[in-house]
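Enquirer: Here is my input; please provide its structure:
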Amino acid sequence: MKTISCEALARVLANVPGTPRVVVSGNSATPFTVLNALDSAIAEYRLFLLHPHKGIPDREGVHYETPFCGAGMRGHERLSYFPCRLSHVPELIQRKLPPEIVILHTSRPVDGAVSLGIEVNILPAAIEAARARGGLVIAQANAAMPVTYGDAMIPLEDVDYLVEVDEPLSSKPVGDLDDVSKSIGERIAALVPRGATLQLGIGAIPDATLRALLDARDLRVWSEMFSDGVLALEKAGCMDPDTPITASFSFGSPELYDWMDRNPRIRMLRTEKTNDPGVIAQHRQVFSVNGALQVDLYGQANASRVGHRVYSGFGGQTDFVVGALHSPGGHAVIALRSWHVKSDTSTVVPLLPVPVTSFQHSYIVTENGAAAIWGHDMNTQAQHIIDHAAHPDARDSLREAGRAMGIRLH
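Expert: Residues are numbered from 1 along each chain as shown. Okay, the predicted model is just below:
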């Protein structure tokens, strides 16, 4: 491992031949300083990262690749979208899309290693794939990045070049919740059994759910990611103190990152572990909560597309829906608002017009209620969705459309 400046690194990268594939820490851990240095040095390359935020290089010669879109790539003409469950993305990288360069956003060196901090995810697999073909591994070592353990610790011998930076991490302050999110969160929390193992994503509805669980006890977390809501549960004494909080990445407030730093309660693992449905199913009472853009009367969820445009991707939704339903006492919940304000349309539709992200959930929950799905026949499922999840203004048209599709409805 060699510590180097951005300017010196750019000179090294200028000698990389061809059109290299560059895998970069994604989500809220994008290493913009080193990524911009690479962009200045290489005329043409393929940029692979998960949930890319705005601000990534955008010019002719930069070809985007991702299995999970974010605002930085969504709808872009140079985007190659790879449909893939998140648990299989490491295999996708190793077998189909191996990188020549990997850029990590890490902590400063500690005990002969750097920590991937808030973003482990697919990066260990990317490092292994690059190493196997003689590629470069570069660390943007940030004094602000918390040191986390588990698969987050990367030995310095696996890093070729290290660039030291001292800059704030991308963060999300804890904010107020709107009334609709609170209502949905309270309805979900009422379904959560004591001692449940939680998986929730980021956003107003997961935050509202966690706030509504502050009187719960013996909770556990095995999740793709977590945010400040888990810290609030920890402070309130809601968590099982003997079980580590396990995830693959995190995003939240500076207070959250301070709490994570060198905290043995936090265990950050690679995606193919956290998102393996077989591993998820081994945990008791997994209660999985995921969002969607639309659901239909067959209980199918679309969390991936708006019309024909890729909005995000499968992500880990399918992994956790399957894992939760095979967990003893587990449940899989799809949570969403019943009405889309911007388009002024119902989010519950007769039949999805786009590819399905997941289906066969336990419940679909909106601000109007919780529609029980699993264990009911097709007709009863549809009846529950209309009566308990759909917006009142959409129910008559949904009944009419459902009957036209052959569903027996009251």
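Enquirer: Give me the domain ranges for the protein.
Expert: 2-165, 179-404 (automatic domain parsing).
Enquirer: count of neighbours near the residue lying closest to Arg403 once chain neighbours are set aside?
Expert: In this structure, Arg403 finds its nearest non-sequential neighbour in Leu409, 5.8 Å apart by Cβ to Cβ, 6 or more residues apart in numbering. Where you see a C-beta, it was placed from the backbone N, CA and C, and this is true even at glycine. Here the number of neighbours of Leu409 (other Cβ atoms under 10 Å) works out to 17.
Enquirer: quick one: Leu409 and Trp339, what's the gap?
Expert: Separation of Leu409 from Trp339 (Cβ to Cβ, to the nearest Å) stands at 21 Å.
Enquirer: Using CSV, please lay out the domains of the chain together with distance to Pro173, mean pLDDT and mean neighbour count.
Expert: Listed next are the domains of the chain as CSV, based on distance: least, Cβ to Cβ, whole Å; pLDDT from 0 to 100; neighbours: other Cβ atoms under 10 Å:
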stretch, distance to Pro173, mean pLDDT, mean neighbour count
domain 2-165, 13, 97, 20
domain 179-404, 6, 96, 20
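Enquirer: so which of those domains gets nearest Ser171?
Expert: domain 179-404 (5.5 Å; Cβ to Cβ).
Enquirer: what's the straight distance from one end of the closest one to the other?
Expert: End-to-end span of domain 179-404 (Cα to Cα, to the nearest Å): 35 Å.
Enquirer: which residues in the stretch 1-150 of the chain form strands?
Expert: 2-3, 21-24, 45-48, 62-66, 79-81, 101-106, 113-115, 136-142, 149-150 (DSSP state E, counting those that start in this stretch).
Enquirer: Just want the angle from the longest one to strand 101-106.
Expert: On the basis of axes from the mean of the first three to the mean of the last three Cα atoms, to 10 degrees, strand 136-142 is oriented at 20 degrees to strand 101-106.
Enquirer: mind checking how far Met405 is from Asp218?
Expert: Counting by Cβ to Cβ, the gap from Met405 to Asp218 is 43 Å.
Enquirer: repeat for Ser346
Expert: Going from Ser346 to Asp218 by Cβ to Cβ gives 38 Å.
Enquirer: Val349 now?
Expert: 38 Å.
Enquirer: Next: His391.
Expert: Separation of His391 from Asp218 (Cβ to Cβ) stands at 36 Å.
Enquirer: just Ala29 next, same as before
Expert: Distance of Ala29 to Asp218, computed by Cβ to Cβ: 31 Å.
Enquirer: Ok, Ile138 next?
Expert: Distance, Ile138 to Asp218, by Cβ to Cβ: 43 Å.
Enquirer: and the gap between Ser80 and Asp215?
Expert: Taken as Cβ to Cβ, the span from Ser80 to Asp215 is 47 Å.
Enquirer: cool, Leu97 as well?
Expert: According to Cβ to Cβ, Leu97 and Asp215 sit 46 Å apart.
Enquirer: Out of the strands of the stretch 1-150 of the chain, which is closest to Val310?
Expert: The nearest among the strands of the stretch 1-150 of the chain, by Cβ to Cβ, is strand 79-81 at 4.9 Å.
Enquirer: elements contacting the closest one?
Expert: Contacts defined by 3 or more Cβ pairs under 8 Å, 6 or more residues apart in numbering; DSSP states H and E place strand 79-81 against strand 62-66.
Enquirer: Might one say that Thr30 is in contact with Ile118?
Expert: No. The criterion here is Cβ atoms under 8 Å, and Thr30 misses it with Ile118 at 11.2 Å.
Enquirer: give me every residue that touches Ala404.
Expert: In this structure, Ala404 makes contact with Pro350, judged by Cβ atoms under 8 Å, 6 or more residues apart in numbering.
Enquirer: the helices in this structure, which residues?
Expert: Secondary structure of the chain (DSSP state H): helices at 6-13, 32-41, 89-95, 123-132, 179-189, 204-211, 228-235, 254-260, 271-274, 277-280, 317-326, 378-384, 395-404.
Enquirer: Quick one: closest of these to Thr106.
Expert: Evaluated over these, closeness to Thr106 peaks at helix 123-132, with 9.5 Å, by Cβ to Cβ.
Enquirer: quick one, that closest one and strand 136-142 angle?
Expert: Using the same axes, to 10 degrees: helix 123-132 against strand 136-142 is 140 degrees.
Enquirer: Would you mind writing the CA trace of helix 123-132 as CSV?
Expert: C-alpha atoms of helix 123-132 as CSV (Å, rounded to 0.1, in the frame of the first residue of the first chain):
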residue,chain,number,x,y,z
LEU,A,123,-17.2,-4.0,-2.2
PRO,A,124,-15.5,-7.1,-0.8
ALA,A,125,-16.5,-9.1,-3.8
ALA,A,126,-15.3,-6.2,-6.1
ILE,A,127,-11.9,-6.2,-4.4
GLU,A,128,-11.6,-9.9,-4.8
ALA,A,129,-12.5,-9.7,-8.5
ALA,A,130,-10.0,-6.9,-9.2
ARG,A,131,-7.3,-8.7,-7.3
ALA,A,132,-7.9,-11.9,-9.3
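Enquirer: quick check, distance from that helix to the centre of its chain.
Expert: Counting by Cα atoms, centre = their mean, to the nearest Å, helix 123-132 is centred 20 Å from the centre of its parent chain.
Enquirer: Return the list of helices and strands in contact with it.
Expert: Applying 3+ Cβ pairs under 8 Å, 6+ apart, we find helix 123-132 packed against strand 21-24, helix 89-95, strand 101-106, strand 136-142.
Enquirer: Just the endpoints, please. Distance across stretch 213-225?
Expert: 18 Å.
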